[in-house]
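Student: sequence first, then the predicted structure, then my questions.
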Amino acid sequence: MGKKSKTSRKGKKAWRANISTEDIHDFFEKSTKDALSGGSLTSAPTESLFFIDKSQDLSVKKKIEKKREKVLRVDSMLKKNPFVEAVPSSKQKSSKKKKKEALNAKDVVQDVPKDETVPDSGMVPIWGDEGQHSCKARQVSKQSIIPAVEVEPPGCSYNPTFDSHQDSLAQAVAEEMQKAYKIELGPQPVPLTVMGEVVDEDDKYFIEADDGNDDQMDEENLSEDDKATEKRPLKTKRVTRVELNKRARRKEQQKKEAETKKAVEFSKDIDNLPDILQEIAKEDEEKQKRHLRKAIAKQERLKSCPPRLGKYKFQPAPPQVLLSEELTGSLRKLKGCATLARDRFKSLEKRGLIPPSAKSGRK
């Protein structure tokens, strides 16, 4: 491009004509644009141009948390499966000392009196007795009704009185007689061999021949009867419409009679309602008495005989009663009898601590 030609500025008129006004026009255009757009940026305050965004980006935060919560496959395999039961570890036996210490600590803690003015918030004190107990209660064995050591009656002493000795002897004799009567009146065992008369050889042949002929004759008679029944023609009687109508009317009449009979019985029951209520109350009373009698009988039975634990039934030991000729009246002359271990064993069986064993003789 060529250089711009210079104009002369000697005169005032020429000077005004040759001065450029582009800067002024640009300034006016810029000012009008700023006025239309809302003001100049250079004159605007900093607070209106910039601001600090302190709000949280929830979507990004959720993504980060989700990524953090994601469990690796290795960790998921090592996690406990709720559908598979854990292998129970060996339980340590709780000592009596620890139990005693726990009971003493429980006694030391005093219950704070509850203020009725304070509303109940549903909270339970951690040292209180209330609340849900997740642990299982320890199973406690039932106490036996039979005492561990039973005292023999006075008649079993080494130097008893005459009356007490006779009473104990009578009781022992009654028990033995009861056993004998039970065996005698009980069901008789099936004999292994049956006594009979000796049959001769000639009679044997006749018996065998008679048995065979009778069977053959019976079979022949049965076959003839079957053939005769097969040859008979089966005649079926045709039922007419009149007969069917009669049957339907009879059936309807029987149904009506049953309904009327039922209604009459129901009305009678309503009339006899006080008597029925009295009978029901009487039956309930009888049932309660029967239940009470059964409970008392069960308690009495448990006192003398334990519940069945094994294959064999408990057999009580016979009473240790001395005979009249064995009474000496002195401990020095008393005959020794090693039954202490047997008595303890029978006591354990009677209390239901061990199952009764079979009576075995010495080999």
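Tutor: Structure received.

Student: so residue 349 sits against residue 356, correct?
Tutor: Yes. Under the criterion of Cβ atoms under 8 Å, residue 349 makes contact with residue 356 at 4.9 Å. Quick note: C-beta positions are derived from backbone N, CA and C, even for glycine.

Student: pull up the overlap in contacts between these two.
Tutor: Taking Cβ atoms under 8 Å, 6 or more residues apart in numbering as the contact rule, residue 349 and residue 356 both touch residue 314.

Student: tell me how many other residues surround residue 154.
Tutor: Look at residue 154: counted by other Cβ atoms under 10 Å, it has 13 neighbours.

Student: what do you get for residue 351?
Tutor: Look at residue 351: counted by other Cβ under 10 Å, it has 15 neighbours.

Student: spatially nearest residue to it, not counting backbone neighbours?
Tutor: Spatially, and ignoring its direct neighbours in sequence, residue 351 is nearest to residue 144 (4.4 Å; Cβ to Cβ, 6 or more residues apart in numbering).

Student: so how far is residue 352 from the one you found?
Tutor: Look at residue 144 and residue 352: by Cβ to Cβ, to the nearest Å, they are 6 Å apart.

Student: tell me, what's touching those two both at once?
Tutor: Joint contacts of residue 144 and residue 352 (Cβ under 8 Å, 6+ apart) are residue 306.

Student: now stretch 337-351: average pLDDT?
Tutor: On average, the pLDDT along stretch 337-351 is 82.

Student: please state the offset of it from the chain centre?
Tutor: The chain centre lies 38 Å from the centre of stretch 337-351; the measure is Cα atoms, centre = their mean, to the nearest Å.

Student: what is the neighbour count of the nearest residue in space to residue 303 that is not next to it in sequence?
Tutor: Leaving aside its chain neighbours, residue 303 sits nearest to residue 145 (5.5 Å; criterion: Cβ to Cβ, 6+ apart). Per other Cβ under 10 Å, the neighbour tally for residue 145 reads 13.

Student: swap in residue 311?
Tutor: Look at residue 311: counted by other Cβ under 10 Å, it has 9 neighbours.

Student: phi and psi next, for it.
Tutor: Main-chain torsions, residue 311, degrees, to the nearest 10: phi -70, psi -40.

Student: quick one: residues contacting it.
Tutor: 355, 358.

Student: quick check: it vs residue 357, distance?
Tutor: According to Cβ to Cβ, residue 311 and residue 357 sit 9 Å apart.

Student: what does residue 295 give?
Tutor: Distance from residue 295 to residue 357, by Cβ to Cβ: 30 Å.

Student: one more: residue 236?
Tutor: 73 Å.

Student: name the residue in these two with the higher neighbour count.
Tutor: When residue 236 and residue 357 are compared for neighbours, residue 357 comes out ahead with 11 against 5, by other Cβ under 10 Å.

Student: excluding sequence neighbours, find me the nearest residue to that one.
Tutor: residue 312 (6.5 Å).

Student: the one you found: neighbour count?
Tutor: If you count neighbours by other Cβ under 10 Å, residue 312 ends up with 13.

Student: do residue 252 as well
Tutor: Residue 252 has 10 nearby residues by other Cβ under 10 Å.

Student: let me know the helix or strand that it is in.
Tutor: helix 241-271 (DSSP states H and E).

Student: now do the buried residues in that helix.
Tutor: Residues of helix 241-271 include none that count as buried (16 or more other Cβ atoms under 10 Å).

Student: which element follows that helix toward the C-terminus?
Tutor: Following helix 241-271 in sequence, per DSSP H and E, is helix 273-304.

Student: report the angle between that following helix and helix 241-271.
Tutor: Relative orientation of helix 273-304 and helix 241-271, computed by axes from the mean of the first three to the mean of the last three Cα atoms, to 10 degrees: 80 degrees.

Student: for the residue nearest to residue 303, list the residues it contacts.
Tutor: Taking Cβ under 8 Å, 6+ apart as the criterion, residue 145 is in contact with 299, 302, 303.

Student: can you redo those residues as TSV with distance to residue 176?
Tutor: Formatted as TSV, those follow (distance: Cβ to Cβ, whole Å):
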residue	distance to residue 176
299	27
302	24
303	22
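
Student: which one of the residues you listed is nearest residue 336?
Tutor: residue 303 (31.0 Å; Cβ to Cβ).

Student: pretty sure that closest one contacts residue 146?
Tutor: Yes. Look at residue 303 against residue 146 with Cβ under 8 Å: they come within range, at 6.2 Å.
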